[in-house]
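A.B. asks: Following is a predicted model, sequence given first.
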Amino acid sequence: MIGRDAELRILRGLLADAADGRGGALLIHGTAGLGKSALLRTVGAEGTESGFRVLSAAGVETELWLPFAALQLLLQPTADGIAKLPFPHRTALVDAFSATQTEPNIFQVALAVLELLADEADRQPLLLLVDDLQWIDSSSRDVLRFVARRTRDLPVLIVAASRALDSHVPSGQPDLHLQPLGQSAAAELLDAGAPDLSAPLRALILERAAGNPLALVELPKTVQVSAPQLDDLPLTQRLEDAFAARTDSASPECRTLLLALATEPSAPLNRLLEVSSRLAGSTVSVDAVQEAVDAGLVGLVGRTLEFRHPLMRSAIYTRATVADRLATHRAIAAAMADTPERRLLHLAAATLGPDEELATRLERFADTALARGKVASAVPALRQAAELVQDPRRRTEILVRAVEWASEINDRVHTQLLLDRADMSELGPLERSRLMVVSDKEAFEPDEPHRRIEDMVTTAAGAFDAGGVQVAENLLWRAAARCFFQDGDARVRTLAAAELDRWNPDPDAPVVLTVRAYTEPFRYGAEVIARLGDLRPDRLDGRIMHFLGSGAMVLGDATLAARYLSLAATAWRSQGRLGLLARSLAGSWPRVYLGQLDRAREESGEGLALAEETGEWIVWLGVKATGSLVAALRGETEDAARMLGELRAHRLFPGMPFAAVMAQQIEGLLALFDGRPAEAYAALARAFDPTDPHYHSVSRWLLAPDLADAAVAAGTVQQARELLDGLPELAARLPSEMMVVAHVYTEAVLAPDDTAEEHYTAALTALPADWALARARLHLHHGRRLRRQRHNVDARNPLRSARDEFDRVGARPWAEMAREQLRAAGEASGRRHANTSDRLSAQEMQIAVLASRGLSNREIGQRLFISHRTVGAHLYRIYPRLGITSRGKLAAALAALQDGHPASDASGADSG
């Protein structure tokens, strides 16, 4: 560990924090040979000395496609703990590691692992070491990513090593970029291992090793007097050559054993000896193992051989002749009759050129795996099958299947690899549509939105004509969604709507209602809203609920949107489908307009975390904007501005008008609350300019009340009236809650004095019943206008109503405005009491509410996808903040605070 003092200080600090119950995760990344594995070994040894239980695993290139392979290895020492888990968690892990059972949802497995580690860590702190993360199978990697985000309240530390910092690292988790050693440390390491080098050779190795510790250790072992070839090779190849050269003096039996290990690194020792003996034609004994250990090439861990460094494996494998490699794969396949998945993969690797019979066997295996829900097992089989068929069209058809299923399990890395292999010239209309659906899911490209939408509509038409109704509907829905997210122009909106009409669809079908809402809201909106209100759909079908909720949301019907999306979220939550749950938590946006700021804060916060976890970046934009909007309305200016900056900085933001218009709304409100009405009006007016990037043809109408407020404050009422000139006609064509509020609110607030009173009366009557914020804002404006006209006594009643409603929902800036106006009207207005959300974070609020309803810690953990230990830690912090000492008093404390009457505070905490 020469030259790694700074890195060791970081790791020791994390160990100390984890020992104190403040867990964490760290990804160490850097090129091959920099000492990542050595750091893991060192922290493992120090962890053991400090009382940690150490669990370790390493990625193996040959197991990259084998689901849960690394996870099973990592958790082998906890088998007794698995048996003690509650039934759902125990079943999830047993099924995940079984070759015959149906594969559970990835996040059900992840939650089970989290609970297992939490239970184990309750007895002894845990240190998880994961090497070569870049070769960990995607299922294990997803589970580790899930757990890494949830160790903060557990005595659990996860340290992983990878050659690159990429999508493997969970967003927001710390990382450590390992650099080459400095000059003096490199010289010290070289001299420690090879003190007798001649001065010229020492200088040459120092120069060519370039601070790489592995090179400094290994290169001196392979050079004697000079090394002329050292100049020309890349460092990694020099190291591989150095490792391979060290096998030249080994016996034939040892070399055979090493090649078998390089071909199947996870094979147990007895199987390696069996395969090696078959290849050598004579018995290969443990003497060959000892020879490899003595040469420093491998180590024996339990009954498993491991290479000292991954480069040793690749060096030995690539240096072997093609004939020897193929023979080794065949021998291993013959020895693996009990594991058909690995047997087939080795048979495929042992095949040169097409093999239709083996390809058919691989497809049959994939079909069987899919029938059991083992998608992650089917994907590599389909990939290998595609490589073994001769007909280009059939190869492409198999690859399309593999791509679809890789996408289904959210394996974005391998989905893209498979997409790159597909021959687009061989695609028929159905395959083209299926691939376009996948590419839209995996890499939403915001560039050239109108062309992309047109391509999607045209391709969907081809699929429909070819009989692929389901894939055509899916693709057309995605094209329609782009019409909303990217605010498609009139031409592509009409094109998508006309294509749907050509299919003569059921007008009540959820996908039809959603496509029409997305594409031509001002043409179909009235009909869609009527049908949405009359439907009696299956409330347990998450897909249907999501279609209906998202359709209502883009039309601006907040009440229906919140209702349907809440039901969708419940369905996805029960199934552990976190990506879909994140999408449904976009229902936090309409809750803002219903005055449900606390719930919008909770749901947008949860949705943001899940969107990051599952790569749902369009959802991320929406919930990030919602979180910022809620913070602004709650008077949390710094938080709102920070989130707004993060929103604008996202790579997708410039091509997403649906998010840009929300950003502009937040910008305007922050300026308005800060007493800068002219800036507020200018910011909000941009959202109504069709040439401005913040313009959205539909969602801009949510900003109309804000624009009217700013216009009154800035003295730009006439300009605002001109901007809103077309609103009455559009509101008649689309009578959604959003349009009704925009119309009647602006009519009242911007009305001249002689007609204002009748407009306020009409507006308060016409407002949707559940739009609490708009009603309170109208009361505020009405009271303010009456006060300006010196009707102070008359002004007090609407101002009181406004203040009380703003206090109830937690809209502090408007509540303070109402208080100021009341004081100016001659009525004192006391300081408001803190409500629950002032004292608790969004997640703490969720936990407190669920606990008050009688849910156990485990039940709460399952619902929120966190450990039951984390739930307990949160409750421990919640009680004193609410002035209580036990779970049984939660319901009363929450109710008292929600009503604005703080509970008595036994702990002495401030209740105001």
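C.D. replies: Ah, there it is.
A.B. asks: Number of residues surrounding Ser482?
C.D. replies: One correction, residue 482 is Arg, not Ser. The tally of other residues near Arg482 (other C-beta atoms under 10 Å) stands at 26. Quick note: C-beta positions are derived from backbone N, CA and C, even for glycine.
A.B. asks: Touching, it and His450? I think so.
C.D. replies: No. Using C-beta atoms under 8 Å, Arg482 makes no contact with His450, being 9.2 Å away.
A.B. asks: Give the residues shared as contacts by those two.
C.D. replies: Taking C-beta atoms under 8 Å, 6 or more residues apart in numbering as the contact rule, Arg482 and His450 both touch Gly488.
A.B. asks: Please, where are all the strands along the protein?
C.D. replies: Assigned by DSSP state E, the chain shows strands spanning 24-29, 53-58, 126-131, 156-162, 175-177, 298-301, 304-307.
A.B. asks: Okay, angle between the second one and strand 126-131 too, please.
C.D. replies: To tie it back to what came earlier, the one meant is strand 53-58. Computed by axes from the mean of the first three to the mean of the last three C-alpha atoms, to 10 degrees, the angle separating strand 53-58 from strand 126-131 equals 20 degrees.
A.B. asks: circling back: save the strands of the chain as CSV, and put in mean neighbour count too.
C.D. replies: Compiled in CSV, the strands of the chain are given as follows (neighbours: other C-beta atoms under 10 Å):
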stretch, mean neighbour count
strand 24-29, 22
strand 53-58, 20
strand 126-131, 25
strand 156-162, 26
strand 175-177, 15
strand 298-301, 14
strand 304-307, 20
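A.B. asks: For my notes, please list these in CSV and give distance to Arg648 and mean pLDDT for each entry.
C.D. replies: Shown next, in CSV, are these (distance: least, C-beta to C-beta, whole Å; pLDDT from 0 to 100):
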stretch, distance to Arg648, mean pLDDT
strand 24-29, 27, 94
strand 53-58, 40, 93
strand 126-131, 35, 96
strand 156-162, 30, 95
strand 175-177, 24, 91
strand 298-301, 50, 85
strand 304-307, 47, 86
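A.B. asks: Indicate which one of the ones you listed is closest to Leu560.
C.D. replies: Smallest distance to Leu560 across those (C-beta to C-beta): 40.7 Å, for strand 24-29.
A.B. asks: Packing partners of that closest one?
C.D. replies: helix 5-19, helix 36-49, strand 156-162, strand 175-177 (3 or more C-beta pairs under 8 Å, 6 or more residues apart in numbering; DSSP states H and E).
A.B. asks: Glu747: which of these is closest?
C.D. replies: Between the helices and strands packed on strand 24-29, strand 175-177 lies closest to Glu747; by C-beta to C-beta that is 54.5 Å.
A.B. asks: Worst mean pLDDT across the helices and strands of the chain, which element?
C.D. replies: Lowest on mean pLDDT, DSSP states H and E among the helices and strands of the chain sits helix 836-839, with a mean of 66.
A.B. asks: Ala824 versus the spatially most distant residue from the centre of the chain, what's the distance?
C.D. replies: Residue farthest from the centre of the chain, counting by C-alpha atoms, centre = their mean, is Arg790 at 55.4 Å. Arg790 sits 11 Å away from Ala824, going by C-beta to C-beta, to the nearest Å.
A.B. asks: can you check Asp598 too?
C.D. replies: With C-beta to C-beta as the criterion, Asp598 and Ala824 are 30 Å apart.
A.B. asks: More neighbours: the two, which one.
C.D. replies: Asp598 (22 against 15).
A.B. asks: So the more buried one sits against Gly810, correct?
C.D. replies: Yes. Applying C-beta under 8 Å as the test, Asp598 and Gly810 come out as touching, 6.4 Å apart.
A.B. asks: For stretch 80-87, buried residues please.
C.D. replies: 81-82, 85 (16 or more other C-beta atoms under 10 Å).
A.B. asks: can those go into CSV with extra columns for pLDDT and distance to Ala818?
C.D. replies: Converted to CSV, the buried residues of stretch 80-87 look like this (pLDDT from 0 to 100; distance: C-beta to C-beta, whole Å):
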residue, pLDDT, distance to Ala818
Gly81, 93, 56
Ile82, 93, 57
Leu85, 93, 53
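A.B. asks: Tell me which of the residues you listed fall in helices.
C.D. replies: Mapping these onto helices (DSSP state H) picks out 81-82.
A.B. asks: Which one of the buried residues of stretch 80-87 is nearest to Asp196?
C.D. replies: Checking the buried residues of stretch 80-87 against Asp196 with C-beta to C-beta, the nearest one is Gly81 at 51.2 Å.
A.B. asks: so what's that closest one up against?
C.D. replies: So Gly81 contacts 116, 119-120 (C-beta under 8 Å, 6+ apart).
A.B. asks: Same list (the buried residues of stretch 80-87) but as TSV, adding distance to Leu764.
C.D. replies: TSV is the format used below for the buried residues of stretch 80-87 (distance: C-beta to C-beta, whole Å):
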residue	distance to Leu764
Gly81	61
Ile82	61
Leu85	56
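A.B. asks: wait, which of the buried residues of stretch 80-87 is closest to Pro693?
C.D. replies: Scanning those for proximity to Pro693, where the rule is C-beta to C-beta, the winner is Leu85, at 51.3 Å.
A.B. asks: Just read off the phi/psi values of that closest one.
C.D. replies: phi -70, psi 160 (degrees, to the nearest 10).
A.B. asks: Please list all residues in contact with it.
C.D. replies: Counted by C-beta under 8 Å, 6+ apart, Leu85 has contacts 93, 112, 115-116, 119.
A.B. asks: again, only this time at 10 Å
C.D. replies: 78, 91-94, 112-113, 115-116, 119 (C-beta atoms under 10 Å, 6 or more residues apart in numbering).
A.B. asks: Please indicate which of these are buried?
C.D. replies: Using 16+ other C-beta under 10 Å, the buried ones in the contacts of Leu85 are 78, 92-93, 112-113, 115-116, 119.
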